[in-house]
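S.K.: what's the 3D shape of this:
(2 chains)
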2 protein chains.
Amino acid sequence: MTHDCSFLEDLSLADDQFSFGESAREGHAADWGADRKGEGVVPDAVVWPESTDDVSAVLAAATDRGVPVTPYAAGTALEGHAVPAYGGISLDLTRMNEVVDYRPDDFQIDVGPGMLGSDVDDYVGPDGLFFPPLPSSGDISTVGGMIATDASGMKTVKYGEVADWVLGLEAVLADGTVVQTGSRAVKTSSGYNLTDLLIGSEGTLAVVTEATLELAGRPRQIRGGRAIFDTLEDATEAVFDAVRTDVDVARIELVDALCARAANDYLGTDLPDAPMVFLEFHANHGVDEEIDLCETIFEDHDVVRFEMSDDDAEMDELWRARRELSYAIPSYDPDLEPQHPGDVTVPISAYPTIVREAKELAAEHDVRIPCFGHAGDGNLHYSILVDPDDPAAVERGKRVYETIIERALELGGTVTGEHGIGQGKREFLEAEHGAGGVEAMRAVKRALDPTDTLNPGKIFPETAEGERVREEGTASGRRESDLE
Amino acid sequence: MTHDCSFLEDLSLADDQFSFGESAREGHAADWGADRKGEGVVPDAVVWPESTDDVSAVLAAATDRGVPVTPYAAGTALEGHAVPAYGGISLDLTRMNEVVDYRPDDFQIDVGPGMLGSDVDDYVGPDGLFFPPLPSSGDISTVGGMIATDASGMKTVKYGEVADWVLGLEAVLADGTVVQTGSRAVKTSSGYNLTDLLIGSEGTLAVVTEATLELAGRPRQIRGGRAIFDTLEDATEAVFDAVRTDVDVARIELVDALCARAANDYLGTDLPDAPMVFLEFHANHGVDEEIDLCETIFEDHDVVRFEMSDDDAEMDELWRARRELSYAIPSYDPDLEPQHPGDVTVPISAYPTIVREAKELAAEHDVRIPCFGHAGDGNLHYSILVDPDDPAAVERGKRVYETIIERALELGGTVTGEHGIGQGKREFLEAEHGAGGVEAMRAVKRALDPTDTLNPGKIFPETAEGERVREEGTASGRRESDLE
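M.R.: The predicted model follows:
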């Protein structure tokens, strides 16, 4: 069953602001997560709003008619966030990509949700400012997407996550109501914190149409480089020790030996196939003292090589293996496919444990697991390299993937540090938050979107009815029962 | 109409865990805000839970029977948060004041809501750790109270507010369901952010029974002191200039000439009756360079005296006028009473404007307004000094108070930076958040507390029915219509 979206013709949208054409619709059927799994669902229409009023009109009309609306922007999410699970409208926000207001004296900028993260940095850079939580994917992902997942990045270990740098939002509720959350003041105790409720809600509660971001001043001293270790345990223990010693580090990234090998192959470099920790230090004073402190700690963990530079080109070269990792891993072995990209996060004291256990599980179940990630946050990124044509291996890989998630929870962590739940991790929601927590979340969803217009089929485990609809491959109408 | 709370006898509470006695009830009728205004409401019973199970049992039973429950702890709120507006049960959480778990390697501590803020610092201090957002009142106010209002403190300019340092909560919903929010991981994108929804919700959505707080390492370099200016404009422009220049300051507090005079009178000191800025710098490196930078900026604004020390006793002495301000102001003139304690917050660029306008309004309406506050956050604390026996002056004072709030909103700020809405600021909620924003908040309240058991009569503007009940002075049953 498809949704009749012909009402779009009656709204005040220009002709080039909506399409029922196949190529537009198919171009909005998936995101990176769904692409990988071949799980796209083609929407019935695509709309490109150019204003808050456009968004409001589309949502009000869609809610009236029971048509699901799934926000879409860069499509770089890894858990199927932008897939229109039940068809309906894909609301493409990429045209709302302007700077609305810029107040450098207040370290604030108001931008549209479709703006690329790196464009924010480019815009404010001439004033010596930057947006600290920018994800590694910031040059291809949008501010709206980052807000939808409460994303974070390499610099989160020093500066925090996206939520820490959003002061307020303009957002449209399912019924078309426009709300302004937060304030331009740097702190407020006025009413419920709707800003942080919407951040990370993955487009299921409202569509963000403008965000007030905070900015930071660029540090006067930046040094970067890498450390090479003999064993993965040395590397993870060194990271833990540096973090608990409160070393002031701005990036501290783990890359395991398998990733190093993949990077060497991909880049044609001759680094040892050994665990590495990539580092960057930001400070206005004392950066060298912090580096010395870090090196001393790393020496306690038998660091083999510790290379640091203050030259941009040299830093780039030292970081190359880390930077190219997302290309290196998929090309590592043409027979193997990286499946189930995971991003569990644990308390830093548990980081050596989760990394060690991931590797033990891989050995035990005969799969390969490249491990890397924002180590200073306790954030482990991993995927399972398996031959996709070997069902037994695929099954073993899935089991390993799930076991790592379960162990992260047992260690006090979270099933996703920055990618979000989307479709891919719904089954783990209750394990993390308990039946009571999930029910409280569902109650909030029902309160703000009673007809389940906004991005249905995400975050919450699917009901039997939802499963049936998806298994039959039909883009059916949204099911209110999904929220029951 | 009173509420029959005899069901408390049927729960598994010890005899000393609940009371219907007059002295216990009267001791829970007000907080600092209500004390000031003589607006206490006596609850029908007081309960002292000692465990999460106790809280859950009381809430479930109270919700079943339509009895309101108002959380209470230190009673230091300024806007009537802890006043049981419709009677019922005052839930006194001060016995839940233990450290539940402490993980210094992860910079984390789990504490009960009744723990005093300063006790957290005392507990973790031997490990070189501290809880950065501790409010100035931290030695008399509780962690639960700070979470209820999303409080902040003098060090917020460097470290952020309470919400920035809470990783997760255990909380009990109105129906007795216990939820665990957040995670021990330092970041998570898993599901809705219930943690930040509950923080600042003033006990209207859930009762917090345990909080996981993040801690910071104590800086190796601390310097403190004060700067004296000729004019208030010089002082506020200097603060703005220092903040926009990104001076790394840990406290930056304004005290106007009227406050300085009050402090001189109270302390018997002979400081000039002039505007002052109190400063503290925290760093691991380069603290002297930051102080020099600050002094240079302050010199551009004609600073008269700039005194800094690294000696604890000297710093204490330099800060004395600021520290004693909350005692000095009320004793300034026995004929005048400080009314309407305000804490508006604006973007830092608007701070000189809001302070100047507050003074102009005072002159225009012939009232006196001592102004002070966490200037670096754009946070202005003020009260209106008037003769309480002069109704015209009282009325003029109220008008000035309200006008400052309205101006703060026009300048992009918030009606309360850290005290919360409580009863006192409900009338401003819609001006700040719009009808749509308030309705979204009410929808969330209805979703999580459909019978309005938890702290009814707070945050949301009262309905006509609620007004009537309160005017008649009866502690009536909660009114579901208050949420309509």
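S.K.: what parts of the stretch 51-200 of chain A come near chain B?
M.R.: In this structure, the stretch 51-200 of chain A approaches chain B at residues A:103-108, A:149-152, A:156, A:160-161, A:163-164, A:173, A:177-181, A:183-194, A:196-197, A:199-200, judged by Cβ under 8 Å from any Cβ of the partner chain. Any C-beta I mention is one placed from the backbone N, CA and C, and that applies to glycine too.
S.K.: can you go through those and name the buried ones?
M.R.: Burial by neighbour count, judged by 16 or more other Cβ atoms under 10 Å in any protein chain shown, picks out A:103-104, A:106-108, A:149-152, A:156, A:160-161, A:163-164, A:173, A:177-181, A:183-194, A:196-197, A:199-200 from these.
S.K.: from these, which land in strands?
M.R.: Restricting those to those inside strands, with DSSP state E as the criterion, leaves A:103, A:108, A:178-181.
S.K.: which one among those residues gets closest to chain B?
M.R.: Taking Cβ to the nearest Cβ as the measure, chain B lies nearest A:Val179 of these, at 4.6 Å.
S.K.: and the helices in the stretch 301-450 of chain A, which stretches?
M.R.: Remark: helices of the stretch 301-450 of chain A, listed N- to C-terminal, are A:312-323, A:325-328, A:351-364, A:391-410, A:429-448; assignment by DSSP state H, counting those that start in this stretch.
S.K.: worst mean pLDDT among the ones you listed?
M.R.: When these are ranked by mean pLDDT, helix A:325-328 comes last with a mean of 90.
S.K.: state the distance from A:Asp241 to B:Leu429.
M.R.: Counting by Cβ to Cβ, to the nearest Å, the gap between A:Asp241 and B:Leu429 amounts to 48 Å.
S.K.: ok, the residue nearest to the spatial centre of chain A - contacts?
M.R.: In chain A, the centroid-proximal residue (Cα atoms, centre = their mean) is A:His419; its distance is 3.3 Å. If a contact means Cβ atoms under 8 Å, 6 or more residues apart in numbering or on different chains, then A:His419 has A:77-79, A:149, A:341, A:343, B:189 as its contacts.
S.K.: ramachandran coordinates for it?
M.R.: The main-chain torsion angles of A:His419 are listed as degrees, to the nearest 10 and equal phi -90, psi -20.
S.K.: how close does the spatially closest residue to A:Glu50 that is not a sequence neighbour get to chain B?
M.R.: Closest residue in space to A:Glu50, ignoring its immediate chain neighbours: A:Arg95 at 5.1 Å, by Cβ to Cβ, 6 or more residues apart in numbering or on different chains. Using Cβ to the nearest Cβ, to the nearest Å, we find A:Arg95 at a distance of 24 Å from chain B.
S.K.: isn't A:Arg95 up against A:Pro113?
M.R.: No. Checked against Cβ atoms under 8 Å, the pair A:Arg95 and A:Pro113 is beyond contact range at 10.2 Å.
S.K.: which of these two has more residues huddled nearby?
M.R.: When A:Arg95 is set against A:Pro113 and neighbours are counted by other Cβ atoms under 10 Å in any protein chain shown, the residue ahead is A:Pro113, at 28 against 15.
S.K.: now do the contacts for the closest residue to that one other than its chain neighbours.
M.R.: For A:Pro113, ignoring the flanking residues on the chain, the nearest one in space by Cβ to Cβ, 6+ apart is A:Gly144 at 2.7 Å. Contact partners of A:Gly144, counting by Cβ under 8 Å, 6+ apart, are A:71, A:73, A:93, A:112-114, A:208, A:211.
S.K.: re the thing from before, next, format the helices of the stretch 301-450 of chain A as JSON lines and append mean neighbour count and distance to chain B.
M.R.: As requested, the helices of the stretch 301-450 of chain A are exported to JSON lines (neighbours: other Cβ atoms under 10 Å in any protein chain shown; distance: least, Cβ to the nearest Cβ, whole Å):
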{"stretch": "helix A:312-323", "mean neighbour count": "16", "distance to chain B": "19"}
{"stretch": "helix A:325-328", "mean neighbour count": "18", "distance to chain B": "18"}
{"stretch": "helix A:351-364", "mean neighbour count": "19", "distance to chain B": "10"}
{"stretch": "helix A:391-410", "mean neighbour count": "18", "distance to chain B": "8"}
{"stretch": "helix A:429-448", "mean neighbour count": "19", "distance to chain B": "4"}
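S.K.: mind putting those into CSV with distance to B:Val42?
M.R.: Output for those, formatted as CSV (distance: least, Cβ to Cβ, whole Å):
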stretch, distance to B:Val42
helix A:312-323, 64
helix A:325-328, 64
helix A:351-364, 53
helix A:391-410, 46
helix A:429-448, 32
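S.K.: ok, which of the ones you listed comes nearest A:Arg218?
M.R.: Closest to A:Arg218 of these, according to Cβ to Cβ: helix A:312-323, at 13.1 Å.
S.K.: now for that closest one, which elements pack on it?
M.R.: If you count contacts as 3 or more Cβ pairs under 8 Å, 6 or more residues apart in numbering or on different chains; DSSP states H and E, helix A:312-323 packs onto strand A:221-228, strand A:251-255, helix A:257-267, strand A:276-283, strand A:305-309.
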